[in-house]
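J.: Got a predicted structure here, sequence first:
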Amino acid sequence: MAVVGRAALILALLTTLFGIGASIYGARRGRREWVDAGRRSVYALLAILSVAFAILEVAFINNDFAYNTVANNSSITTPLFYRAAAMWGSQEGSLLLWVWLLSLWSSLAVFLTRNRMREVVPYAVSVLLGFGAFFSSLLVFFVSPFALTSPAPVNGAGLDPLLRNPSMMIHPPMLYSGYTFFTIPFAFAVGALITRRVDAEWIQVTRRFALGSWLFLGLGILLGARWAYYEIGWGGYWGWDAVENAALMPWLISTAFLHSVMIQEKRGMLKIWNASLVLGASTLAIVGTFLVRSGVLNSIHAFGASTLGVPFVILITAMVTGSIYLVVSRREVLRSEHQLDSLFSREAAFMLNNVLLVGLTFVIFWGTFFPLISGALTGTESEVGAPWFDRYTVPLALMLVLLSGIGPVIPWRRATLANARRNFTLPLLAALAMLVASFTLVPISSSPATVALFCCAVFVFAAVGQEFWRGWRVRRATSSDTPPVALLSMVRRNRRRYGGYIVHVGVAVLFIGVAASATFQRSHYVQLKPGQSDVVAGYTMKVVRPTAAIVTDPTSTGALLTLGAIVRVSRSGHYVTTLHPTAEFFPDPSGAEGPVGSLIGGDSVSELSLDSSLRRDISAAIDAPSVQQAIQGEINRANSLVNTDRVGPRKRLTLSYVLLAAIAHGYLTNTPAAQFKLTSSPLVMWLWIGALIVFAGGLTAIWPTGGATARVRARYFARVAQELGRA
Amino acid sequence: MNPGRKRQMRLVVSLTLAVLLAAGLIYTSFSAADEALTPTQLLVRAKPGDDYELTGTVVKGSVRHLANGVLDFRLADRAGGARSVPVSYTGAVPDPFRVGRELIVTVAKRGSGFVAVSGSMVTKCPSKYSPAKSA
């Protein structure tokens, strides 16, 4: 089957090359049949890559260790669920996933625009296929997922235990969907610029695709944050890690675009800016892919494989120079139709929002690439660290949250004093009330940024709430709908507007979670034995008793030994919850740790135990390396028991398991002290709730519910009525 | 002032502001950054009071979990070599922390050894498919 897979990849590369040629030829000569052939190449690419993807996935599921990538990233002891996800634990597998998702989303884009933008689409198709060609050739010439070893090893190395988390199934595909989706707005922008058709239809199409990529990438980032929150030593939900930053940058730029494109729609302004934002966001998405895959920067996601650096740098350079050339050479079609009327207008608010978002991106870009920059300038690489990021991102984020309350209520063109009073009185009063309330709740001097954020968030709630209330009142007055139906139909009639407002509320809620947990989180690292306890932020956490399990691990990740503790949490004498943190130990395939040690001498993983509520998260984790060190003496003794001449080779494995059980039993009866991480973190839940609100709002804005067809029908009826009236 | 002139002024003022802000940002990034050093470089260059980003591999037999929650270990150059530096660390230890693994930690010189900033340890994903390692 590997031959078929490799043939499929070569065929995929040929298909992309054919499609590019056909599209461009068809567009230049005005030959529809060639343009159609180019479009069908996208669908063909999806079909061909699906075959390759399926072959590799089957190889992973069937433990076909003849495939190098399977042998390096999976094993017999890896559970089925993680074998299926192990494919994108590897360099070549994740590139295959990338290009497969690219063909999937490109096909969707080509399908949705099959009857639109006839001039632009052929060029967009050839750009999309160009990305396909790039990634296919990486798989054909640089890292082959179908490389074989003969004879096949009997077992593989196994999926890295750190990746054995249900998030592995969804976070990488979602993030890659975001990254690949970003090629679509890029392709359509390039197509529109080449054909000089940067018109209203282009905006309409690009806006939807930009919103789609924004949603996918946002969801991917969120899933990653959620995963990192559960993993000890990944810096919590956000750690300013290079790869996290890489995903955030295109997302921020596309956020800017989604706002400024409205100015172009309504006022015909900022065309150069918008085109640059689209092109920039997509280029940053490729930079993000590059950072994940190349390992040029220190990161927790350091999947080092430097072979891909050069091709990626070539691609990124081509994207940047091509974008600059197109924008500069097409500047006459990008001329602004209007000027800014006033600094107190929605346009100005949007522009400020854009400046802040681009500034924020610049800060993150500079900080992320600082090791390379300083290395080039001073000769020694230096890193700026989280405090440096916080110094700039906190004030910028505060201003952005505030703007997300101002934007929805400030009028277009020019705000007058009268409508300022009408729109801002209530939100300002609400923010002031919050300020007063926070004096009584927290010492303001300890966390001015947090208090300011709370006030800004309340400002947003009041401003958006006021908009909803006014729209609802009008809707109720003008229709006979019942109040809840009136609210729904109001949102449905202007999905983009109210979807956007919902996103703003979600962002404010999300930042409440971020600010509160960043300021008021308390963590203790303590060494505890059963019976001992520690107090974290008023919560008494007592280790009640140890737990141990061998072979059958509770979370079915494939660990052979799981040691843990039952931790009882109480607050001023009242029972709160029970936590069960564990340390999981995985086999060491090299066998270097002796017969017993190798059963558990591979990687170890701390499983966090978390109790979440709307008010606070309480969690406990056992430090796996400290547990391992504590039982190392027992393991050494067990190794020497098995390694005697009296034990035949057949009995060794059985005896090793028996001794492992004895070690587990010994842990229960004579538990050594282990290192615990105990954490209390208020309001983190609101981060996830806020993110869900953001996505609900995004979906509301993007949802295609015949809005377009209804409008076409309405226009048709209007014309018929006009004709009838004339008759 | 005519509107064209006014716009030009506005543009100049905002661009100047942007350049000034960017200059400030760039200046602070150089002053706030910690040098990324290998253990050998650290032994030569470390001055008391400065923080450094130390990258190295954990030396076999050097790891000690002390009763007060402190983790002591030594880091050596990734490329190998006999020289290594002692590090005292407190805070969350990432799961991949093991003998022979590469990690990054922020340290400051204290006496003859180095004390790590609490919770600053970052371990690199043990990448099984990097060509350098399989060779």
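T.: Noted; the coordinates are in hand.
J.: residue ranges for the strands of chain B, please.
T.: B:34-37, B:51-58, B:64-65, B:71-76, B:84-89, B:102-110, B:113-116, B:122-123 (DSSP state E).
J.: Residue A:115 is nearest to which of the ones you listed?
T.: Nearest to residue A:115, of all the strands of chain B, is strand B:122-123, at 51.1 Å by C-beta to C-beta. Using the backbone N, CA and C atoms, a C-beta is placed for each residue, glycine as well.
J.: For residue A:23, list the residues it contacts.
T.: A:34-35, A:38-39, A:41, A:122-123, A:125-126, A:129 (C-beta atoms under 8 Å, 6 or more residues apart in numbering or on different chains).
J.: Identify the spatial nearest neighbour of it, chain neighbours not counted.
T.: Leaving out its chain neighbours, the residue that sits closest to residue A:23 by C-beta to C-beta, 6 or more residues apart in numbering or on different chains is residue A:38, at 3.1 Å.
J.: Counting neighbours, which bits of whichever strand or helix holds the one you found end up buried?
T.: Here residue A:38 sits within helix A:32-61, counting by DSSP states H and E. By neighbour count on 16 or more other C-beta atoms under 10 Å in any protein chain shown, the buried set for helix A:32-61 is A:34-35, A:37-39, A:41-46, A:48-49, A:51-53, A:55-57, A:59-60.
J.: same question, stretch B:14-32
T.: B:25, B:29, B:32.
J.: can you check stretch A:167-174 too?
T.: Under 16+ other C-beta under 10 Å, the buried positions of stretch A:167-174 are A:167-168, A:171-174.
J.: Stretch A:489-500 now?
T.: A:490-491, A:495, A:497-500.
J.: ok so, going back, with respect to the strands of chain B, which exhibits the lowest mean confidence?
T.: When the strands of chain B are ranked by mean pLDDT, strand B:122-123 comes last with a mean of 80.
J.: what distance separates that strand from the middle of the whole chain?
T.: Averaged C-alpha coordinates place strand B:122-123 at 10 Å from its chain's average position (C-alpha atoms, centre = their mean, to the nearest Å).
J.: just stretch A:399-409 next, same as before
T.: The answer for stretch A:399-409 is 24 Å, by C-alpha atoms, centre = their mean.
J.: close to chain B, is the helix or strand encompassing residue A:93?
T.: Applying DSSP H and E as the criterion places residue A:93 in helix A:91-112. Yes. Part of helix A:91-112 sits near chain B under the criterion C-beta under 8 Å from any C-beta of the partner chain, namely A:91-92.
J.: Which strands and helices lie in contact with that helix?
T.: helix A:32-61, helix A:68-73, helix A:120-137, helix A:167-181, helix A:183-194, helix A:271-294 (3 or more C-beta pairs under 8 Å, 6 or more residues apart in numbering or on different chains; DSSP states H and E).
J.: What average pLDDT does the third one get?
T.: Per-residue pLDDT values across helix A:120-137 average out to 96.
J.: Tell me how far it lies from the chain's centre.
T.: 24 Å.
J.: repeat for the shortest one
T.: Between the centre of helix A:68-73 and the centre of its host chain there is 26 Å, according to C-alpha atoms, centre = their mean.
J.: What helices and strands are in contact with the helix or strand just after that helix?
T.: Later in the chain than helix A:68-73, the nearest helix or strand by DSSP H and E is helix A:80-86. Using 3+ C-beta pairs under 8 Å, 6+ apart, the elements in contact with helix A:80-86 are helix A:32-61, helix A:167-181.
J.: Would you mind telling me which of those helices is nearest residue A:646?
T.: Per C-beta to C-beta, nearest to residue A:646 of the helices and strands packed on helix A:80-86: helix A:32-61, 41.1 Å.
J.: Can you spell out which helices and strands pack onto that closest one?
T.: helix A:2-29, helix A:68-73, helix A:80-86, helix A:91-112, helix A:120-137.
J.: how far off helix A:91-112 does it point, in degrees?
T.: With axes from the mean of the first three to the mean of the last three C-alpha atoms, to 10 degrees applied, the angle from helix A:32-61 to helix A:91-112 works out at 140 degrees.
J.: quick one, helix A:32-61 and helix A:2-29 angle?
T.: Going by the same axes, to 10 degrees, helix A:32-61 makes 160 degrees with helix A:2-29.
J.: Figure out how far helix A:32-61 is from the centre of its chain.
T.: 26 Å.
J.: Likewise for stretch A:188-202?
T.: Chain-centre distance of stretch A:188-202: 29 Å, with C-alpha atoms, centre = their mean.
J.: Please apply the same query to stretch A:223-232.
T.: On C-alpha atoms, centre = their mean, the centre of stretch A:223-232 falls 11 Å from that of its chain.
J.: for the residue nearest in space to the middle of chain B, which residues make a bridge with it?
T.: The centroid of chain B falls nearest to residue B:53 when counting by C-alpha atoms, centre = their mean (2.7 Å). Beta-bridge partners recorded for residue B:53 (DSSP bridges): residue B:36, residue B:106.
J.: measure it to residue A:246 for me?
T.: Using C-beta to C-beta, to the nearest Å, residue B:53 is found at 19 Å from residue A:246.
J.: go on, residue A:228?
T.: In terms of C-beta to C-beta, residue A:228 sits 14 Å off from residue A:246.
J.: and those two? which has more neighbours close in?
T.: Using other C-beta atoms under 10 Å in any protein chain shown as the criterion, residue A:228 and residue A:246 rank with residue A:246 on top: 25 against 21.
J.: Give the helix, strand or coil label for that one.
T.: Here residue A:246 is recorded as helix under DSSP: H, G, I helix; E, B strand; the rest coil.
J.: In space, what's closest to it - neighbours in sequence excluded?
T.: residue A:288 (3.7 Å).
J.: Name the residue of chain B with the shortest distance to chain A.
T.: At 2.6 Å from chain A, residue B:94 is the closest residue in chain B, using C-beta to the nearest C-beta.
J.: ok, that residue touching residue B:105?
T.: No. Between residue B:94 and residue B:105 there is no contact under C-beta atoms under 8 Å: 10.3 Å.
J.: Spit out the residues that contact the two alike.
T.: Common contacts of residue B:94 and residue B:105 (C-beta under 8 Å, 6+ apart): B:121-122.
J.: Return the set of residues that bridge with the residue of the stretch 251-400 of chain A found nearest chain B.
T.: Residue of the stretch 251-400 of chain A nearest chain B, by C-beta to the nearest C-beta: residue A:382 (3.7 Å). Note on residue A:382: beta-bridge partners residue B:35, judged by DSSP bridges.
J.: Would you mind measuring from it to residue A:290?
T.: On the measure of C-beta to C-beta, residue A:382 and residue A:290 end up 22 Å apart.
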